[in-house]
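*Asks:* the sequence and its predicted three-dimensional model are supplied below.
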Amino acid sequence: DPKIIQKPKYLVAVTGSEKILICEQYLGHNAMYWYRQSAKKPLEFMFSYSYQKLMDNQTASSRFQPQSSKKNHLDLQITALKPDDSATYFCASSQDPFSNERLFFGHGTKLSVL
Amino acid sequence: QQQVRQSPQSLTVWEGETAILNCSYEDSTFDYFPWYWQFPRESPALLIAIRPVSNKKEDGRFTIFFNKREKKLSLHITDSQPGDSATYFCAANPPASSGSWQLIFGSGTQLTVMP
């Protein structure tokens, strides 16, 4: 059974629209992350959360907003979508932010913006 | 500025040969270097990792050689198997004292092992 569930697996959106990527982890971890993988920038760090608090944000654009309603949830809201946002978005988790070297990744959401 | 660099971008070896994947980094304060592998249409997964206190870490056919002075490391895969065909990412972890909470990944080496 997958321990990190990402929904949906595939997502097609039109330019200018808004989408929410869902992530739930059932590993009992306290830290969660979002990474983006595209042909231009493989495995690019976006956000890290620990105990539902933002720890690090390396995303230049405010169009990307993480949302954590529960400790094991970290969703990603993307507004005003652009074709350049097309990528696979990976959610990941670790036991705690101090052990972020051992990341467990979900299977990703592949986003295509037309 | 790319903080973690990998070479070559792609590598093809024959089954049974040793594959050597290279990695270099910029920041001498990085204190942990994991390698992740990613199979097609799969998510990355931790393969092996090393800390700068060691210059070598071995796990079966996979060995990391680490040169702290030159800020370089390499992953050696001996007796390569077709099932090793994947993209390999070198990563670096800034110290917690830096206030950074991210793993920094290189751009990856795509390894193909021919039977």
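*Replies:* Nice, thanks for sending it over. Numbers count the residues shown, from 1 in each chain, chains lettered A, B, ... in the order given.
*Asks:* only the buried residues of the helix or strand of chain A at the bottom of the mean pLDDT ranking, if you could.
*Replies:* Ranked by mean pLDDT, DSSP states H and E, the weakest helix or strand in chain A is strand A:53-57, scoring a mean of 86. Neighbour counts using 16 or more other Cβ atoms under 10 Å in any protein chain shown place A:Met55, A:Asp56, A:Asn57 of strand A:53-57 among the buried residues. Glycine gets a C-beta too; all of them are placed from N, C-alpha and C.
*Asks:* and of these, the nearest to B:Asp79?
*Replies:* Ranking those by separation from B:Asp79, with Cβ to Cβ as the measure, puts A:Asp56 on top at 39.5 Å.
*Asks:* which one is that closest one nearest to, not counting chain neighbours?
*Replies:* Distances taken as Cβ to Cβ, 6 or more residues apart in numbering or on different chains put B:Trp101 closest to A:Asp56, at 4.0 Å, once the chain neighbours are dropped.
*Asks:* just checking, that neighbour touches A:Pro97?
*Replies:* Yes - with contact defined as Cβ atoms under 8 Å, B:Trp101 reaches A:Pro97; the gap is 5.2 Å.
*Asks:* joint contacts of those two?
*Replies:* Residues within reach of B:Trp101 and of A:Pro97 at once, by Cβ atoms under 8 Å, 6 or more residues apart in numbering or on different chains, are A:Ala31, A:Ser48, A:Ser50, A:Met55.
*Asks:* re the thing from before, for the least confident helix or strand of chain A, what is the distance to the chain centroid?
*Replies:* For strand A:53-57, the distance from its own C-alpha centre to the chain's C-alpha centre is 13 Å (Cα atoms, centre = their mean, to the nearest Å).
*Asks:* mind listing what it pairs with, with the direction of each?
*Replies:* strand A:44-50 (antiparallel) (DSSP bridges).
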